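Asks: Build me a model:
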Amino acid sequence: MKRIFSVTVLFFFFTIVQAQKQALPTRQQLAWHDMEYYWFIHFGPNTFTDKEWGHGDEQADIFNPTELDCRQWARIAKQSGAKGIIITAKHHDGFCLWPSQYSTHTVKQSQWKNGKGDVLRDLSKACKEYGLKFGVYLSPWDRNHPQYGTPAYNDVYVNTMKELITHYGPFFEFWWDGANGEGPNGKKQEYDFRRFEQTMRRFAPNTVVFSDIGPDIRWVGNEKGIAGETNWNYLDTAGFKRGEGAPPTDTLNQGNINGRNWIPAECDVSIRPGWFYHAEEDDKVKTPQQLFDLYLKSVGRGANLLLNVPPDRRGLINEKDSAALMEFKALREESFANNLAFGSKAELHTKGGIFRRTKFTDGDPASAETLADYKNTSLWVKFDSVRKVNCVVLQEGLTNGQKVKSAKLILLNGIQEVKHIDITTIGRKRILVFPVQDISSIRLLIRDAKGAPVIKEISAYLLPEELTAL
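Replies: All right, here's what the predicted structure looks like:
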């Protein structure tokens, strides 16, 4: 009886420990978090047919950009502040932007450069030249390949992944779209995603993989570029599939507070209404102010921003897009150039009036503060004079997991509270904007957390008011 009791106690103890154990980000995921903003490039036959989803029966010769210049793409991406580029190496139409040996629907069969061109080769070189990371989107759905809809197609897809990795890698991200429609034989494919994942882990262990349910990065649940105001990097994937079997969109948008996997959100959105270039959308490019608002609602909510910038039929980033991107970069630089909290007094206050100086206003995220007793501690930023502020940025350390469940930001002028903001998650970065306030100090209270929160930095800014009104 005594032995049975001991075993039972140990079992329940083990169960509790397992329940409390949190998923942690990998080194590759932490590096991905730090990228914040990078480009998507949709380019292929759809660029020339004005379609968004090609049928796979388009002649390869229709792909014939007259001035394709991947260095121009990379140069503008770099100038816009993007950290990398992910290109649609193969979209649903099955057309490959490289001369794949596993398809007969590629640039090799096109008129472009007399079949000698290779977009992936050119873009890979351009990204290296401009210090950008390179990634690829490889659609599992293929509306052209004759073996799609048969078990043999899974071999084709695995071999295609290997071909990309060995010839054009390393990639920082590999993108799996969840779309699964019929192929040229009228059949749908049963994707062997377990095998696909194993292939990626074996041949590209440092590449993070995106899909509705990861395994490394998740879709945010919309194509508007907006993350949830509550945004957990955790996600439960058991029982879900990619595509139609994905988690509900609100779950993808917010994550799961007690999710078993570290799968943070990526916000994909196009600078135009469509994903591929269409001349009639030249006057519908998002304004710099709209792009800045998307930045606040993606990066500013702890996610990453994947902004689609489609080349035109010349094979160039259009002048309208480029102009908006340059101004978007200028807005970010001007808005966050002057951290009003930098060098201000940073203090930890505990109950009983005890306080000590700390470093979360030194501009160095490495000098983080771990709040072991967060319920009895408040963080203060004290200015040397009254400042006008309409933006506060909070940064949480993620190495040991995401902790903050709810918090309260209090803005004070002297001893008078002038405004407070209730928030839930912080994550890697939380950007809070509000009407301009005259304040002399900022107080942050962590109300609830999944263990000891790590606060890296608290910064304050005065943004142009038109940027906080969208």
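Asks: Quick check: which element contains Arg75?
Replies: Using DSSP states H and E, Arg75 sits in helix 70-79.
Asks: which stretches of this protein have low pLDDT?
Replies: Along the chain, the model assigns pLDDT under 70 to residues 1-20, 470.
Asks: any residues touching stretch 353-369, and which ones?
Replies: Outside stretch 353-369, the residues that touch it by CB atoms under 8 Å, 6 or more residues apart in numbering are 339, 341-349, 379-381, 395, 397, 454-459. No exception for glycine: its C-beta is placed from N, CA and C like everyone else's.
Asks: End to end on it, go ahead and measure it.
Replies: 19 Å (CA to CA, to the nearest Å).
Asks: gap between Val404 and Ser80?
Replies: With distances taken as CB to CB, to the nearest Å, Val404 is found 31 Å from Ser80.
Asks: do the same with Gln289
Replies: 15 Å.
Asks: ok, now Ala238?
Replies: For Ala238, the distance to Ser80 - CB to CB - is 39 Å.
Asks: what about those two, which has more around it?
Replies: Taking other CB atoms under 10 Å, Ala238 and Ser80 do not tie; Ser80 has more neighbours (24 against 7).
Asks: Report how many residues lie close to the closest residue to that one other than its chain neighbours.
Replies: Closest residue in space to Ser80, ignoring its immediate chain neighbours: Leu325 at 4.1 Å, by CB to CB, 6 or more residues apart in numbering. Around Leu325 there are 25 other residues, counting by other CB under 10 Å.
Asks: Now do the helix or strand hosting Leu325 against helix 70-79: the angle between them, please.
Replies: Leu325 belongs to helix 319-335 when assigned by DSSP H and E. Here helix 319-335 runs at an angle of 30 degrees relative to helix 70-79 (axes from the mean of the first three to the mean of the last three CA atoms, to 10 degrees).
Asks: now helix 319-335, how far from the chain's geometric center?
Replies: Helix 319-335 sits 19 Å away from the centroid of its parent chain (CA atoms, centre = their mean, to the nearest Å).
Asks: One more: stretch 426-444?
Replies: The chain centre lies 23 Å from the centre of stretch 426-444; the measure is CA atoms, centre = their mean.
Asks: same thing with stretch 345-360?
Replies: The answer for stretch 345-360 is 34 Å, by CA atoms, centre = their mean.
Asks: That stretch: end-to-end distance?
Replies: 9 Å.
Asks: Next, the buried residues of it.
Replies: 346-348, 358, 360 (16 or more other CB atoms under 10 Å).
Asks: thinking again about what came up before, which parts of the helix holding Leu325 are buried?
Replies: Using 16+ other CB under 10 Å as the test for burial, helix 319-335 gives 320-322, 324-325, 327-329, 331-332, 335.
Asks: Need the max-distance pair from these.
Replies: Lys320 and Ser335 (22.8 Å; CB to CB).
Asks: So Lys403 versus Ile426, what's the distance?
Replies: 8 Å.
Asks: okay, the two: which has more neighbours?
Replies: Between Lys403 and Ile426, counted using other CB under 10 Å, Ile426 has the larger neighbour count: 30 against 24.
Asks: The more buried one reaches Gln395, doesn't it?
Replies: Yes - in this structure, Ile426 is within contact of Gln395 by CB atoms under 8 Å, at 7.4 Å.
Asks: now stretch 265-276: how far from the chain's centre is it?
Replies: On CA atoms, centre = their mean, the centre of stretch 265-276 falls 12 Å from that of its chain.
Asks: For it, measure first residue to last.
Replies: 23 Å.
Asks: Pull out the buried residues from it.
Replies: For stretch 265-276, by 16+ other CB under 10 Å, it's 265-272, 274-276.
Asks: which residues are in contact with both of Lys403 and Ile426?
Replies: In contact with both Lys403 and Ile426: 396, 453, using CB under 8 Å, 6+ apart.
Asks: follow-up on the earlier one: can you tell me which of the contacts of stretch 353-369 are in strands?
Replies: Among the contacts of stretch 353-369, the residues falling in strands (DSSP state E) are 345-349, 379-381, 395, 454-459.
Asks: which one of these is nearest Ala303?
Replies: Gln395 (14.0 Å).
Asks: and that closest one, how many neighbours does it have?
Replies: 21.
Asks: Contacts only, for it.
Replies: 365, 426, 428-430, 455-458.
Asks: and if we set it to 7 Å?
Replies: 365, 428-429, 456-457 (CB atoms under 7 Å, 6 or more residues apart in numbering).
Asks: so which of these comes closest to Ala23?
Replies: Ranked by distance to Ala23 (CB to CB), the contacts of Gln395 are led by Arg428 at 15.3 Å.
Asks: surely the closest one meets Gly397?
Replies: No - counting by CB atoms under 7 Å, Gly397 is not a contact partner of Arg428; they are 8.8 Å apart.
Asks: Name the residues of stretch 381-396 that are buried.
Replies: For stretch 381-396, by 16+ other CB under 10 Å, it's 381, 383, 387, 389-396.
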